[in-house]
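Enquirer: when you get a sec, could you give me coordinates for this:
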Amino acid sequence: MPLPTALSRASVALAAALLTAATLPAPADAAPAPSPSVDATDRTGAARWAVQPSSAKGPTGRNYFIYDLAPGSTLTDHVGITNLGDRPLTFDVYGTDAYTTADGAFALLPADQPATDVGSWIRFERRAWTVPPGERVDIPFRLAVPADATPGDHAGGVIGAVARARTTADGQRVLVDQRLAARVHLRVTGPVRPAVTVESVDLSYDNPIDPFAGGDLVVRYRVRNTGNVRVTGSGTVRVAGPFGWEQARTSPTDLPELLPGGTFTVTERITGVPPLLRLTAEVDLAATTTDTALPPVLRSAGVWAPPWVPLALLAVAGCWGGLRWWRRRRAPGDGGRATVDAGRATA
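Expert: Okay, here's the model as predicted:
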């Protein structure tokens with residue numbers, strides 16, 4: 001396959017670059033000659049390469065490594081690493097685990113955190129591989145699924161990392177570990193248990209001065225994948241007042257793909273909600289797996305939304321009416337008592 005075609009396919013398989021830096025002491029004299037991996041960087045310190053699923057004969061057109069294996073199974077596959085620069089690059093090649101970030105992104109463990117799941121099941125002949133400029137190396141690896149591996153989805157990545165040196169503005173030498181990866185999605189055969197929960201629903205209401213204009217209702221709810229397979233889907237929020245009187249309904253909000261155990265928090269701001277003393281927000285979650293849709297998940301919460309201005313006006317009107325009533329009730333008694341006293345004085 002021509003190299004440009006292979007690289008265009010590889011761009012789809014690239015994960016975001018993950019950077020870690022360690023500060024080195026600033027040299028007293030001129031910096032020593034850099035290693036080959038640093039030699040391949042330009043003046044900005046940027047190295048250029050691609051990581052993609054491959055085979056012994058070259059790229060296969062896969063975007064990710066996708067497997068369906070039974071516990072105790074093993075296989076051999078290849079990852080292609082292409083040096084797009086004009087100098088040799090030495091890569092640290094290894095497998096690691098994936099997780100879902102707080103904002104719903106697919107991410108890989110930091111370089112200093114060891115893998116305990118699918119990343120630890122991936123083994124290379126060695127970690128360091130040097131690739132000449134403008135060439136690709138298809139590196140074999142062995143994936144061995146433990147006999148006691150839990151059924152369901154396991155996610156990770158095959159990483160090609162380059163350590164490169166930079167000099168900061170204050171003259172310090174900084175070693176940066178830049179990583180590119182191809183995702184790994186492995187399903188271990190066995191009972192599949194897709195499940196999601198809405199862990200919490202939190203409401204806050206910005207009570208308006210003008211009750212006819214309505215206020216802002218903020219609804220935050222956290223979704224957790226409590227099953228053993230990847231899930232995605234969408235969620236809507238329905239806002240109701242007393243007696244179920246619907247006030248608003250949001251458009252469906254798409255959820256990111258959540259790995260098993262992953263969480264994601266959705267925040268909805270609904271404007272123009274009138275203060276109807278008590279408001280209820282119901283979250284309707286429609287989740288799906290790669291195979292099927294799940295039953296809807298519902299959870300609701302309430303918040304007090306007193307119409308302060310009308311209540312204050314009613315309170316003032318009530319006080320004024322009560323004062324008038326008290327005065328009218330007292331006035332006849334006072335007048336009658338005065339008349340009797342005058343009659344006695346005349347007699």
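Enquirer: in terms of helices and strands, where is Arg328?
Expert: For Arg328, the host element (DSSP states H and E) is helix 308-346.
Enquirer: no, scratch that, I was asking about Arg269
Expert: Per DSSP H and E, Arg269 falls inside strand 263-273.
Enquirer: quick check: mean pLDDT of that strand?
Expert: Computed over strand 263-273, the mean pLDDT rounds to 96.
Enquirer: just stretch 205-212 next, same as before
Expert: The average pLDDT within stretch 205-212 is 85.
Enquirer: one more: stretch 283-296?
Expert: If you average the pLDDT over stretch 283-296, you get 95.
Enquirer: got the contact list for that stretch?
Expert: Residues outside stretch 283-296 that contact it (Cβ atoms under 8 Å, 6 or more residues apart in numbering): 192, 194-196, 198, 201, 219, 221, 223, 229-238, 252, 255, 297-300. Bear in mind the C-beta positions are built from the backbone N, C-alpha and C, glycine included.
Enquirer: just the buried ones from these, in ChimeraX syntax?
Expert: The ChimeraX selection below is limited to those of those classed as buried (16 or more other Cβ atoms under 10 Å):
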select :192,194,195,196,198,201,219,221,223,229,230,231,232,233,235,237,238,255,297,299,300
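Enquirer: can you pull out the helices in the protein?
Expert: Chain-ordered helices for the chain, with DSSP state H as the definition, fall at 3-13, 36-39, 308-346.
Enquirer: and these, which one is worst for confidence?
Expert: Note on those: helix 36-39 shows the lowest mean pLDDT, a mean of 32.
Enquirer: can you pull the domain assignment for the protein?
Expert: Per the record's domain assignment (automatic domain parsing), the chain is made up of the domains 3-188, 196-309.
Enquirer: okay if I get the ones you listed as a markdown table plus distance to Arg329?
Expert: As requested, the domains of the chain are exported to a markdown table (distance: least, Cβ to Cβ, whole Å):
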| stretch | distance to Arg329 |
| --- | --- |
| domain 3-188 | 65 |
| domain 196-309 | 30 |
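Enquirer: for the ones you listed, which has the smallest mean pLDDT value?
Expert: Among the domains of the chain, domain 3-188 carries the lowest mean pLDDT, a mean of 81.
Enquirer: how far off centre is that domain?
Expert: Remark: domain 3-188 is offset 23 Å from the chain centroid, using Cα atoms, centre = their mean, to the nearest Å.
Enquirer: now do stretch 276-295
Expert: 18 Å.
Enquirer: output the strand holding Arg269 as CSV, nothing but the C-alphas.
Expert: Taking C-alpha atoms only, strand 263-273 is exported to CSV below (Å, rounded to 0.1, in the frame of the first residue of the first chain):
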residue,chain,number,x,y,z
THR,A,263,-19.2,8.5,34.7
PHE,A,264,-20.3,11.7,33.0
THR,A,265,-22.1,14.8,34.4
VAL,A,266,-24.7,16.6,32.3
THR,A,267,-25.6,20.2,33.0
GLU,A,268,-28.8,21.7,31.6
ARG,A,269,-29.8,25.4,32.0
ILE,A,270,-33.5,25.9,31.4
THR,A,271,-34.6,29.6,31.2
GLY,A,272,-38.0,31.2,31.7
VAL,A,273,-39.3,28.8,34.3
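Enquirer: who touches that strand?
Expert: Contacts of strand 263-273 with the rest of the structure, by Cβ under 8 Å, 6+ apart, involve 100, 102-104, 199, 205, 213-225, 235, 237, 239, 247-248, 250, 253, 255-256, 258, 279, 305.
Enquirer: that's all I had, so thanks and see you.
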